[in-house]
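>>> Build me a model from this:
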Amino acid sequence: MSNKLFSKEEIRVLSKNKYVKKVTSKAITYTDEFKRIFIKQNKEGKTSKEIFKDKGFDIKVLGIHRIDSSGKRWRSTYRKGGINNLEDGRKYNGGRQKVNIKKQYIKEKEIMLKLKSIIEG
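The predicted structure follows:
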């Protein structure tokens, strides 16, 4: 993650870009569409900086380190699993894991009874 924090004004401007899904002072989440465009154009020979600039991003605001590391991460992900692997997986597995408390309690109680019977022999 980059050390550069976005100001409120930079967040406001970045939020208006159609290729930005979410932006906070610390991080920016790009749309899946932008990642696909990036990979396609990068394979055609465009540099990371050129692609970001062509899609309306201010290079000075993002910083070249953030641009380069995003491109590197997306290229690696693409090589490992193809274009579909670039999708933001958080939408599919977010939040806490659901646990059925009643089943958990019954299971623990059964284990305790089995252990008790083994000990008492």
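>>> Could you give the secondary structure assignment for Lys22?
With DSSP: H, G, I helix; E, B strand; the rest coil as the basis, Lys22 sits in strand.
>>> Run through the residues that contact it.
Applying Cβ atoms under 8 Å, 6 or more residues apart in numbering, we find Lys22 in contact with 28-29. For glycine as for every other residue, the C-beta is placed from the backbone atoms N, C-alpha and C.
>>> what are the ranges of the helices in the chain?
Under the criterion DSSP state H, the chain contains helices at 8-15, 32-43, 48-54, 59-62, 64-81, 101-120.
>>> Pull out the buried positions in the fifth one.
Taking 16 or more other Cβ atoms under 10 Å as the neighbour-count basis, helix 64-81 is seen to contain the buried residues 66-67, 70-71, 74-75, 77-78.
>>> now the most centrally placed residue in the chain: how far from Lys21?
By Cα atoms, centre = their mean, the chain has its centre lying nearest to Asp88, at 5.3 Å. From Asp88 across to Lys21, the span is 7 Å (Cβ to Cβ, to the nearest Å).
>>> overlap in contacts of the two?
Thr29.
>>> Ranking helices and strands of the protein by mean pLDDT, which lands last?
helix 101-120 (a mean of 80; mean pLDDT, DSSP states H and E).
>>> Just the CA trace of that one, in CSV.
Below are the C-alpha coordinates for helix 101-120, written out as CSV (Å, rounded to 0.1, in the frame of the first residue of the first chain):
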residue,chain,number,x,y,z
ILE,A,101,-24.8,-21.3,17.8
LYS,A,102,-27.3,-23.9,18.8
LYS,A,103,-25.6,-26.6,16.7
GLN,A,104,-22.2,-25.5,18.0
TYR,A,105,-23.5,-25.9,21.6
ILE,A,106,-25.0,-29.3,21.0
LYS,A,107,-21.8,-30.5,19.3
GLU,A,108,-19.7,-29.3,22.2
LYS,A,109,-22.1,-30.9,24.7
GLU,A,110,-21.9,-34.3,22.9
ILE,A,111,-18.1,-34.1,22.9
MET,A,112,-18.1,-33.4,26.7
LEU,A,113,-20.4,-36.3,27.3
LYS,A,114,-18.3,-38.7,25.3
LEU,A,115,-15.1,-37.5,27.1
LYS,A,116,-16.9,-37.9,30.5
SER,A,117,-18.0,-41.5,29.6
ILE,A,118,-14.4,-42.4,28.5
ILE,A,119,-12.9,-41.0,31.7
GLU,A,120,-15.5,-42.7,34.0
